[in-house]
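# sequence and predicted model, in that order:
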Amino acid sequence: MGVSFDLFGTLVSADRSADPASAVAAELLARDISVPDDWDDAYARSHLAVADGRELPLPDHVVAALESRSVEADPTTVRQAVQATFDREVTTRPGACEAVAAASECGPVAICSNCSVPGLVERVLERSRLDSGAFDAVVTSVDCGWRKPAPEIFETTAARLGVESRDLVHVGDDPRADGGVEALGGTYVSLEDVTLASVPVELEAIDG
């Protein structure tokens, strides 16, 4: 079997801005990009059509929000501003390292994370106490184009691990999103039902 872990809220805790629109605006201004007076409204609105289950990269949304207010900005600079906005300190949750180590005893291991900021998951892994070498794959919604609970992100994860979707065990803290693995016949280990510290025992029982 293969095991995948959600990242945010499962293996790590990360600082989050209470006002992301203002935080993004500050980073845009720091790069000499004009921010419209009604930026909060522009940021909150949808400007690009996105199919159900698909991921919209946050930099694309910000570029579209600026364009909706007749502000032209270099997409690369916007991407850098967005990345800087969400590049915050992280805390590795107690039991996370042990859970990943136990998973590696069962088979290949992956990160399967919803994240609309390019490169953020990789940066968070670098800053955490998790052994990046323990992961055989890192699958993010911004890279594969699908957000959990869409089956496609779990199919991608299973394929990257070289296992069938039904043999994928996914550990996460959000039943609505992470529980999507069950639609493919996979197994969901919910941190609403078990503690992270008990995940090794759960995996051992599943592995038989």
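Received it, and whenever you're ready, just let me know what you need. Note that the coordinates shown come from a computational prediction; the quantities given were computed from them, not determined experimentally.

# on the three-state scheme, residue 35 is what?
Residue 35 falls in the coil class when you classify it by DSSP: H, G, I helix; E, B strand; the rest coil.

# how about the residue lying closest to it once chain neighbours are set aside, what does it touch?
Nearest residue to residue 35 in three dimensions, chain neighbours excluded: residue 25, at 4.6 Å (CB to CB, 6 or more residues apart in numbering). Where C-beta positions appear, they are placed from N, C-alpha and C, glycine not excepted. By CB atoms under 8 Å, 6 or more residues apart in numbering, the contact set of residue 25 is 35, 39, 43.

# now do the strands in the chain.
With strands called from DSSP state E, the chain shows them at 2-5, 12-14, 90-92, 109-113, 137-140, 168-172, 187-190.

# and the second one, how far out from the chain middle?
Averaged C-alpha coordinates place strand 12-14 at 11 Å from its chain's average position (CA atoms, centre = their mean, to the nearest Å).

# tell me how many other residues surround residue 8.
A total of 19 residues lie near residue 8 under the criterion other CB atoms under 10 Å.

# not counting its neighbours along the chain, what's nearest it?
Counting by CB to CB, 6+ apart, residue 8 lies nearest to residue 14, which is 5.9 Å off, once chain neighbours are set aside.

# walk me through the domains of this structure.
Domains of the chain are assigned by automatic domain parsing as 2-15+90-207, 20-86.

# single out the most deeply packed of these.
Of those, the one with the most neighbours on average (mean count of other CB atoms under 10 Å) is domain 2-15+90-207, at a mean of 19.

# chain center to that domain: distance?
With CA atoms, centre = their mean as the basis, domain 2-15+90-207 stands 10 Å off its chain's centre.

# residues contacting residue 124?
Taking CB under 8 Å, 6+ apart as the test, what residue 124 contacts is 7-8, 12, 14, 90.

# ok, residue 171 next?
Residues near residue 171 by CB under 8 Å, 6+ apart: 3-6, 10, 99, 103, 178, 189, 191, 199.

# go on, residue 148?
Residue 148 touches 6, 112, 114, 141, 154, 172, 174, 177-178, 180, counting by CB under 8 Å, 6+ apart.

# look up how far residue 78 lies from the residue nearest to residue 35.
Taking CB to CB, to the nearest Å as the measure, residue 25 falls 12 Å from residue 78.

# output the below-cut-off pLDDT ranges for the protein.
Residues of the chain meeting the criterion pLDDT under 70: none.

# okay, helices next: where are they in it?
Along the chain, counting by DSSP state H, helices occupy 20-30, 39-44, 58-67, 75-86, 96-106, 120-127, 141-144, 151-161, 175-178, 199-207.

# between the last one and strand 168-172, how many degrees?
Counting by axes from the mean of the first three to the mean of the last three CA atoms, to 10 degrees, helix 199-207 lies at 160 degrees to strand 168-172.
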